[in-house]
Each structure stands twice: as C-alpha cells, then as structure tokens.
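1. everything below, folded, please.
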Amino acid sequence: MRSWVGGRWIRTRPPDASRVGLNLSREATGKRLAHMYDLLIRNGVIIDGTGANRYVGDVAVHDKKNKKIAAIGPELEGEAREEIDAQGCIATPGFVDVHTHYDGQVTWDPVLEPSAGHGVTTVVTGNCGVGFAPVKPGSEDWLIQLTEGVEDIPGAALAEGIDWSWETFPEYLDSLEGRSWGLDVGCLVPHGAVRACVMGERGARNEPANSEEIAEMRRIVREAVTVPDIRQQRSTNV
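-> Predicted coordinates:
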C-alpha cells in the first residue's frame, strides 16, 4: 500500500498490531533520561498496544516534527520545550482505520473528521470497490451515485466538493500530493471505478466483461500498481 506521510508518498506495510504507532527502540521503553525533549506528556494512562497492562506514566518526544518517541515510562526525568499534563487521559498509539470512505473528502477536507477526533492517525480509502478514480469524463455523476447508494454518503456534498482534476488513478494521487491532512492517508484502487471506466453502461447493468474489457481493466490496475505499493481492494459484506 502507498500512504501519504509527512508530506510525501511512502511505501507502507500492514501494521504489526503489537507495535502500532510506537516509534521507539526497546531500550527507550521505561528508560529515565535527564534530557531536553521537544514534548513531554506527563501522567497519562498509557496503553501501549503491546497487550501489557495499562499504567500511569510519561511519553517523551525528541523530534516533534517527525514524531520520534524517545522514552516511555513512569516519572521520566528531564525537561521539555512543551509539557502536557495528561492526568485522567489515555495516552495510546494512534489507531489505523483500514476501512474508510474518504475518497472524496480527502480532496477538500484537511482534518478528516470524525476520524481525527477519535484518535485515528491513519485512514485507508478505496474500500468496498467504490471511489473516484479512474474516471472517464462524463461518468463522474455515476461514481457519485454509486458511492451514495452503497455507503449513504450525500451525493450533493461529493458533487460540490470534488474538483475532478484527474482521470487516471495515478493522476488522482498526484492531485492529493499538494494537500495535507491532520492524519496519514493510504489509497487502494476501487474495482467499481475501474469497471465503470472500462465498461460504462454495460458495467452499470452488471453485464459480464468480455476479454478485451478484462485486458483493459488489468492494464489500468497494473498502471496503478506501478506507483509503489498500491493494491486493489475488494470487500464483501456478509
């Protein structure tokens, strides 16, 4: 998968559930350092994602811009340019939401609520086969209707917010590169959009694809996958 992190697209692997969101060495955990940190979060209830019991402690960040965690533990020594008293609050790694439908919202909303407000730090779009790239000129409304019908996302909001400055999936990613969000974004290739791009009304009527159409769909997906670590995704709800 390819994700937008820190102002650039990078290759990402599926997260290890035992270490999600932790960017620190084993030696840093619980280590007390007399140090000047960029940020020190004190007195939070730490749930670190490893399965260990929760405890009250501190989290020290050495490089605030790149979010490098320097130490975690009770009553860490040292000072910081900024301190936050997290008493009564939970300090935990950010959540990775692998099933979202922000395909349209990422093109206009830098915050991506409500996910950001719930502690989510990474979202993945393109789920359930619905999305907005690739797209042929003139079929934009059909993709909006598909998303509205499948996911109950208001079509009026999508029609007003999306600028349709792309046709191919790589061009869709290019359109996102000039944007920034309050969390990280990974994009999957929606098979519904691929089928609609190739088959048009025949695809909308659920007609079977012929060999030429299948070959063209393969080409489109291959083109998307050549952008590092993009994957097609299909979800089946039972």
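2. you'd agree Pro154 is up against Gln145?
-> No - at 11.6 Å, Pro154 does not count as touching Gln145 under the criterion of C-beta atoms under 8 Å. For glycine as for every other residue, the C-beta is placed from the backbone atoms N, C-alpha and C.
3. more neighbours: which of these two?
-> Between Pro154 and Gln145, Gln145 has the larger neighbour count (other C-beta atoms under 10 Å), namely 14 against 11.
4. just confirm that one is within a helix.
-> Yes - assessed by DSSP: H, G, I helix; E, B strand; the rest coil, Gln145 belongs to a helix.
5. spit out the contact partners of it.
-> Residues near Gln145 by C-beta atoms under 8 Å, 6 or more residues apart in numbering: Gly155.
6. could you measure from it over to Glu223?
-> 25 Å (C-beta to C-beta, to the nearest Å).
7. can you pull out the low-pLDDT segments for the protein?
-> Scanning the chain for pLDDT under 70 picks out the ranges 1-35, 64-67, 228-238.
8. where along this structure do the helices fall?
-> Along the chain, the segments classed as helices by DSSP state H run 140-151, 155-161, 169-177, 191-199, 201-204, 211-225.
9. could I get the ones you listed as a markdown table with distance to Leu39?
-> Shown next, in a markdown table, are these (distance: least, C-beta to C-beta, whole Å):
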| stretch | distance to Leu39 |
| --- | --- |
| helix 140-151 | 37 |
| helix 155-161 | 34 |
| helix 169-177 | 28 |
| helix 191-199 | 41 |
| helix 201-204 | 50 |
| helix 211-225 | 38 |
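10. tell me what the longest strand along the chain is packed against?
-> Assignment by DSSP state E gives strand 36-46 as the longest strand of the chain. Secondary-structure packing of strand 36-46 (3 or more C-beta pairs under 8 Å, 6 or more residues apart in numbering; DSSP states H and E): strand 55-63, strand 79-85, strand 90-91.
11. so which bits of that strand are buried?
-> Buried residues in strand 36-46, defined by neighbour count with 16 or more other C-beta atoms under 10 Å: 37-44, 46.
12. compute the inter-axis angle for it and strand 79-85.
-> 30 degrees (axes from the mean of the first three to the mean of the last three C-alpha atoms, to 10 degrees).
13. given strand 36-46, what are its sheet partners and their directions?
-> Sheet pairing for strand 36-46, assigned by DSSP bridges, gives strand 55-63 (antiparallel), strand 79-85 (parallel), strand 90-91 (parallel).
14. any chance of JSON lines for those, columns distance to Glu201 and mean neighbour count?
-> Below are the strands paired with strand 36-46 laid out as JSON lines (distance: least, C-beta to C-beta, whole Å; neighbours: other C-beta atoms under 10 Å):
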{"stretch": "strand 55-63", "distance to Glu201": "53", "mean neighbour count": "20"}
{"stretch": "strand 79-85", "distance to Glu201": "56", "mean neighbour count": "13"}
{"stretch": "strand 90-91", "distance to Glu201": "51", "mean neighbour count": "16"}
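15. ok, which of those strands comes nearest Asp174?
-> Of all these, strand 55-63 sits nearest to Asp174, with 28.8 Å by C-beta to C-beta.
16. which residues are contacting stretch 158-166?
-> The contact list for stretch 158-166 (C-beta under 8 Å, 6+ apart) reads 104-105, 107-109, 132-133, 135, 140-141, 144, 147-148, 171-172, 174-175.
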